[in-house]
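Asker: the following block contains a protein sequence and its predicted model.
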Amino acid sequence: MIKELRWLGKGIVLKRKYYFIDTENVGDSWLRLVKKLKKKDRIITFYTENHSKCLEEFLVRQVNNPKIIWLECAVGNNALDYQLIGALAYMIAKHPKASYCIFSNDKGYQKTVEFWQSRGIQMNQKYPDQKKKRDKKEKKKHKQAKKTKAKNQKKMFMQKQNMYENQTKLTEEQYVSEIAKSIPFSNLNGWYCALTVILGQKSGREWYQKIRRDALMREDFSRHFTGDFDERCINIVTLALYAHDLDTDKAKNIYEIIRAHHYRDLNAIKMDFDKIPELKTQIKYYRVLRPLIALLKDL
């Protein structure tokens with residue numbers, strides 16, 4: 001054994017860490033540890049004749065790896081646990097300044113961990129199943145958030161549809177209020193682009209000049225800013241289609257095409273527009289939305 005401590009520079013100490021693997025309890029989940037080992041770390045693997053085929057294949061590949069020590073244990077009720085604890089005590093007596101980790105889901109080791117911790121030994125236990133549970137919980141949480149987001153987008157989209165259907169035409173101020181829901185005033189270039197596309201060149205420029213000059217107007221309209229990134233994008237797409245008397249029912253599908261091509265591959269976007277059978281004049285939809293495509297990624 002090489003020395004347990006190595007001094008680097010002034011007062012920096014690297015300690016060897018030993019991982020004690022209870023393969024009866026964790027199966028093959030410990031194999032990922034090998035890639036995460038630091039230079040001085042070591043793995044002591046406790047296994048029985050009832051080991052998995054995967055472990056056997058791994059042993060053949062890693063048998064000459066100096067970072068892994070293989071200890072075959074006798075089979076019996078809790079036999080491996082007792083042999084692991086015995087080897088642990090031996091190693092602590094030989095190398096009291098090293099640190100130790102028991103890799104097992106068996107909570108029965110906790111008293112052993114506490115015993116050595118109370119005597120100044122650096123020791124802990126890792127529970128692989130807890131990580132699996134956390135990952136599963138995070139995955140479920142992410143899935144639920146995604147589902148909620150889709151539901152909110154659908155609700156928002158239906159509200160837009162109802163608003164447009166129940167009103168013959170929005171006033172220019174209403175258009176500006178809707179734009180304010182999607183574009184922050186920190187992005188004045190985006191405002192100019194949206195205003196001229198939705199209100200036309202003349203009215204769009206006039207409103208842009210008003211907004212640029214009037215800080216109170218910007219402050220008032222900024223209260224409308226809301227929603228997440230996708231909601232803001234869908235809102236602008238829907239608004240532009242409505243302003244040009246185009247069908248807004250496919251606004252979400254159209255936005256998803258633009259997003260799928262990372263807001264920049266214009267030829268691919270145009271080709272995918274052509275694949276939407278419900279769009280009777282695909283080229284008109286593309287011409288209206290083309291100036292807004294680059295804007296969307298900055299919302």
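Answerer: Structure's in. What do you need?

Asker: check what pLDDT the closest residue to Arg212 other than its chain neighbours gets.
Answerer: Take Arg212 and drop its neighbours on the chain: the residue closest to it by CB to CB, 6 or more residues apart in numbering is Leu188, 6.5 Å away. Bear in mind the C-beta positions are built from the backbone N, C-alpha and C, glycine included. Predicted confidence (pLDDT) for Leu188: 88.

Asker: tell me the contacts of Leu188?
Answerer: 208, 211-212 (CB atoms under 8 Å, 6 or more residues apart in numbering).

Asker: same check, this time on Val34
Answerer: 43, 62, 65, 67-68.

Asker: can you check Gln125 too?
Answerer: 101-104, 109-110, 113.

Asker: cool, Arg232 as well?
Answerer: Going by CB under 8 Å, 6+ apart, the list of residues near Arg232 reads 181-183, 299.

Asker: assign Ile69 to helix, strand or coil.
Answerer: Of the three states, Ile69 takes strand according to DSSP: H, G, I helix; E, B strand; the rest coil.

Asker: quick one on the thing from earlier: phi and psi next, for the residue nearest to Arg212.
Answerer: phi -70, psi -30 (degrees, to the nearest 10).

Asker: ok, which stretches of this structure are strands?
Answerer: 5-8, 12-15, 17-22, 42-47, 68-72, 99-103, 122-126 (DSSP state E).

Asker: how about those in a markdown table, adding distance to Gly86?
Answerer: Converted to a markdown table, the strands of the chain look like this (distance: least, CB to CB, whole Å):
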| stretch | distance to Gly86 |
| --- | --- |
| strand 5-8 | 25 |
| strand 12-15 | 23 |
| strand 17-22 | 11 |
| strand 42-47 | 10 |
| strand 68-72 | 11 |
| strand 99-103 | 13 |
| strand 122-126 | 15 |
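
Asker: CSV for these, including mean pLDDT?
Answerer: Compiled in CSV, the strands of the chain are given as follows (pLDDT from 0 to 100):
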stretch, mean pLDDT
strand 5-8, 36
strand 12-15, 56
strand 17-22, 93
strand 42-47, 92
strand 68-72, 90
strand 99-103, 94
strand 122-126, 92
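
Asker: ok, which of those strands comes nearest Asn78?
Answerer: For the strands of the chain, proximity to Asn78 was assessed by CB to CB; strand 17-22 is nearest, at 10.7 Å.

Asker: from the contact counts, what lies against that closest one?
Answerer: Counting by 3 or more CB pairs under 8 Å, 6 or more residues apart in numbering; DSSP states H and E, the packing neighbours recorded for strand 17-22 are strand 42-47, helix 79-94, strand 99-103.

Asker: nearest approach to Gln201 belongs to which of those?
Answerer: strand 99-103 (67.9 Å).

Asker: can I get the CA coordinates of the closest one in PDB?
Answerer: Extracted in PDB, the C-alpha atoms of strand 99-103 (Å, rounded to 0.1, in the frame of the first residue of the first chain):
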ATOM      1  CA  SER A  99     -12.000   7.700   4.300                       C
ATOM      2  CA  TYR A 100     -14.500   4.900   3.700                       C
ATOM      3  CA  CYS A 101     -17.900   4.500   2.000                       C
ATOM      4  CA  ILE A 102     -20.300   1.500   2.200                       C
ATOM      5  CA  PHE A 103     -22.200   1.200  -1.000                       C
END
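
Asker: which residue ranges of the stretch 101-250 of the chain form helices?
Answerer: Assigned by DSSP state H, counting those that start in this stretch, the stretch 101-250 of the chain shows helices spanning 110-117, 128-165, 172-180, 188-199, 201-213, 215-222, 229-243.

Asker: weakest of those by average pLDDT?
Answerer: Among those, helix 128-165 scores lowest, at a mean of 62.
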